[in-house]
Each structure stands twice: as structure tokens, then as C-alpha cells.
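> Any chance you could fold what I've pasted below:
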Amino acid sequence: MPTVKPFKATRSTPDKAAHLISRSYQDYSVEELEMQLKYNPFSFLQILNPGYKFSHEITGEERFNLVRNRFLEFKEEGYLMQEEQPAFYIYENTDPHHSYTGIIAGTSVVDYADNKIKKHEDTLSHREILFKDYLKIVGFNAEPVLLTYQDDAEVNRIIAQVKDTFPVYDFATTDSNRHKIWAVTDPAICSMIEKRFAEKSELYIADGHHRSASSHLLSQEMGDQHESYNYFMSFLIAESQLNIYEFNRMVTDLNGLSKEAFLIQLDQHFRIKNHDLEIYKPSKKHHFCMYLDGEFYSLYLRKDIHKIETPLDDLDTQMLYDLILKPILGIEDLRNDNRIDYSYGKSDLLVMKSKIDKGAYAVGFGLFPATVDQMKSIADADLKMPPKSTYIRPKLPSGFIIYEFENE
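Residues are numbered from 1 along each chain as shown. Reported below is the predicted structural model:
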């Protein structure tokens, strides 16, 4: 039932690809960003940060227009080229710890609206509108939505068949990642891919809820101006290849409670063990790490205390909110309360410990990562996870394969 289709991508010329692609803008430190903008004229960051050449911070619609200008300049300079015929793209990434392969495709916004593409996160309307306006002005999308599907032997066979041919890209970047891409233009193979995904009952958004929602808004606004507005770029990857990490929570204060009073309240729902300076990392769901006053604790949910009536009730981030953050620490709004902050699991519990030891926060909680099955169950029940419930990899580089809207 879901519709996927090949598209005429705008992509880096092979000789510039290793220099042009970039990580997500937020992944760079201020120093790294400065170095890229200063010394790499081919970086896609030059497009995303057009104010750098003017030594001026530019925001809003003015920035969007300049992003469009830089994009057109990259095409004029020959750094970017557009595919002559529609294609699917098989992308393989290998880093020192993982390897994953998926299909970059155009995905129907109608399927998104009809819930054939299922969601597990709420989106913020102002962010949807902002990114919709950005897409409309710049005229392209460089960051695919990460969609996942149940492992499929036939899709694996098609991918393996394509990977037996010569890739259009094969290079390594300085972050020790190797990138390979195959452009699939053979009509017979493209038809097999389309048919196989059309036989699936649904796809699931793993990452990119705001991007897909904004693409839907843009499609509604542009109407029938061009078919390209009826699709958004996605990266389709099998469930078994997703890596899900946790977001840790840090809170600035104990809501007026003493350490002793706080621990007594926790004891109502959890078995508490003091690990002193020994780092405790949860090894299963419903187990939590807590760092408080220079000591690590394990918190094990007491059996039969917390009723699990929906898939959301079984999620550790929801459990933490229902039993600790809201009733004890007084945090109602997880998105906007400035007393709470987050750090994703790959940053490690030591980062959380360091911030608390420096006095920026009073207490921190480490969680066990959510699973793909939990994510799907919540989406199937039309429920939404609390914000910052999952940090999902892969994260695709920007500027590698670009979905460009057409107006003719």
C-alpha cells in the first residue's frame, strides 16, 4: 500500500562528494563549524550557513533566500549535478562499529496523511510551518526522513543484486565513515522495488517527524503545481539495522525537597540501591540509573505498582515522567520547562555525571533504550512518545542526495 518512487536527484559530482557532504548542522561544535566554513569551499555547510560570507548572522526568510542562492551557485559551479533520469539510491554506510544499507526514495505525502506511514512523536505546529516555508523558498530537501519496515528477504535480495554492480560513489570521510551509493535506474529493478513496498501494509517513521509533517503542509499549499510536491525524500531501512539509543534526563533541582525526602518519595515505587561511585547502567527496561549528590543509584520498578494498560505505559520515558518527573519534581511540560535537559545515550553517563558535579543540575536519570517493537506498538495504537524518547541511528549526511522540487 505505501507508494515509493524513484526521483531525479540533485547530487554531488563524484570528485567533490567527500568534501561536500556534511553531518547534521547541530552535530558540529562552534570550532568545527568555523573550520569547515573557512577552509572547505565545497562543504554543504556553505549552503546552509549563507551568512558566513558576509560575516553576518542572518535568520528567517532572508536566510532562506540566501540558502537558495548558494544552492544555485553550487549547481552553476558544477559541484552539484541533477540526475538525467529517475532513480532509487542504495546507500551503504560503514563506520568502526556498524554498517547499514537502505534505499533512498520519494515517499507519498498522501500515505503520511492516511497513516500508512505511522508516527510515534508529536510535532510542534510552529516548527512544521517554519520548515514548510524553508522548503518552499529554498526549493529542495537535503535531509531524508528515516523510515523503517519489517525485514524483508525480497528487498534484501534486490539490494544485494544492486550492490554486485559498481557504485557511483565509494569514499571515506575524516570521521572514519565509508560511503557507497548505487543509482538504480533500470526500470525492471525500480518496478520491483515499488511493487515490494506497495505490498506492505505500513511504514514507520523512525526519525524525521517534523520533516514529513512539513512536507505534507507544503504539498497542501502547492496543490497541483507539480507532482514533486506530493512526495518527500526518505531513507528506507529494515528494522534490524536501526540502532536506538536513550536520552538521559537531568533536572536542575529537587523541587524543594531534601535529598532524604526525595529518596523516601522514590521508595514508594522503586527498589533503591546505592552504588556509590560505581557507574550503574540499566540493562533492561523498567530499570533506571540515578546520579544524585555524587553517588550512583539503581532504581528498579516495584512489581504490580505501576499499571500497564497501553503500550505507552510500558515505555520507560513515560514511566519516569508519570512516577518521578511530574509528581515528585513538579515538571509538567517536558518540552518547555527549563528545569529539565537531555543528553543522548552515546554521550555516556559520564557526561551527565560531569554536569551534575559542576552544579548545573541536581539529579540525573539514565534509561534503558526503547526498542523498535515498543516504538511500533505505540505508533500502531496512535499514541505518542514523550519528547526525547529515542536517539536513532543511522543519521544520514546532508547534501549527498538532494530532492529538488520542480515548478514546470
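> avg pLDDT for the helix or strand containing Gly106?
According to DSSP states H and E, Gly106 maps onto strand 99-108. Across strand 99-108, the average pLDDT comes to 97.
> starting at the chain centroid, how far to the helix or strand harbouring Asp111?
Using DSSP H and E, Asp111 sits in helix 109-113. Relative to the mean C-alpha coordinate of its chain, helix 109-113 is positioned 19 Å out (C-alpha atoms, centre = their mean, to the nearest Å).
> which secondary structure elements does that helix contact?
Helix 109-113 sits against helix 209-222, strand 231-238, with contacts defined as 3 or more C-beta pairs under 8 Å, 6 or more residues apart in numbering; DSSP states H and E. Just so you know, the C-beta spots here come from the backbone N, C-alpha and C atoms, and that holds for glycine as well.
> run the last query once more with 10 Å
strand 117-118, strand 203-207, helix 209-222, strand 231-238 (3 or more C-beta pairs under 10 Å, 6 or more residues apart in numbering; DSSP states H and E).
> what does the shortest one contact?
Read that as strand 117-118. 2, 107-112, 145, 147, 201-205, 212, 216, 232, 234, 375-376, 378-382 (C-beta atoms under 10 Å, 6 or more residues apart in numbering).
> Let's see the PyMOL selection covering just the buried ones among those residues.
Entered in PyMOL, the line below selects the buried ones among those, by 16 or more other C-beta atoms under 10 Å:
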select buried, resi 2+107+108+109+111+112+145+147+202+203+204+205+212+216+232+234+375+376+378+379
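> First-to-last residue distance for stretch 154-173?
31 Å (C-alpha to C-alpha, to the nearest Å).
> again, but for stretch 305-319
So stretch 305-319: terminal residues 11 Å apart, C-alpha to C-alpha.
> Ok, stretch 288-308 next?
Start and end residues of stretch 288-308 are separated by 17 Å (C-alpha to C-alpha).
> Check stretch 75-95 too.
Stretch 75-95: ends 30 Å apart by C-alpha to C-alpha.
> Please identify the buried residues of that stretch?
Tyr79, Leu80, Glu83, Pro86, Ala87, Phe88, Tyr89, Ile90, Tyr91, Glu92, Asn93.
> you'd agree Phe288 is in a strand?
Yes. Checked against DSSP: H, G, I helix; E, B strand; the rest coil, Phe288 lies within a strand.
> Let the chain start at 412 from now.
From this message on, residue numbering opens at 412, which makes the last subject Phe699.
> what about it, neighbour count?
24 (other C-beta atoms under 10 Å).
> what sits opposite it in the beta ladder?
Leu710 (DSSP bridges).
> and it, what is it in contact with?
660, 677, 681, 691, 693, 708-712, 727, 730-731, 734-735, 776-779.
> Distance of it relative to Lys606?
45 Å (C-beta to C-beta, to the nearest Å).
> quick revisit: for the helix holding Asp522, which outside residues touch it?
412-415, 527-530, 556, 613-614, 616, 620, 623-624, 626-631, 640-643, 645.
> Test my guess that Thr470 contacts Gly462.
Yes. Using C-beta atoms under 10 Å, Thr470 makes contact with Gly462 at a distance of 8.5 Å.
> who has more neighbours, the two?
Between Thr470 and Gly462, Gly462 has the larger neighbour count (other C-beta under 10 Å), namely 15 against 8.
> measure the more buried one to Asn480 for me?
Gly462 is 12 Å from Asn480, by C-beta to C-beta.
> which regions of the stretch 662-811 of the chain sit below the pLDDT cut-off?
756-758 (pLDDT under 70).
> go with 80
715-717, 755-758 (pLDDT under 80).
> Which residue, other than its chain neighbours, is closest to the residue nearest the centre of the chain?
When C-alpha atoms, centre = their mean is applied to the chain, the residue found nearest the centroid is Asp618 (3.7 Å). Residue nearest to Asp618 in three dimensions, not counting chain neighbours: Leu557, with 4.1 Å by C-beta to C-beta, 6 or more residues apart in numbering.
> The one you found in helix, strand or coil?
Assignment for Leu557 (three-state DSSP): strand.
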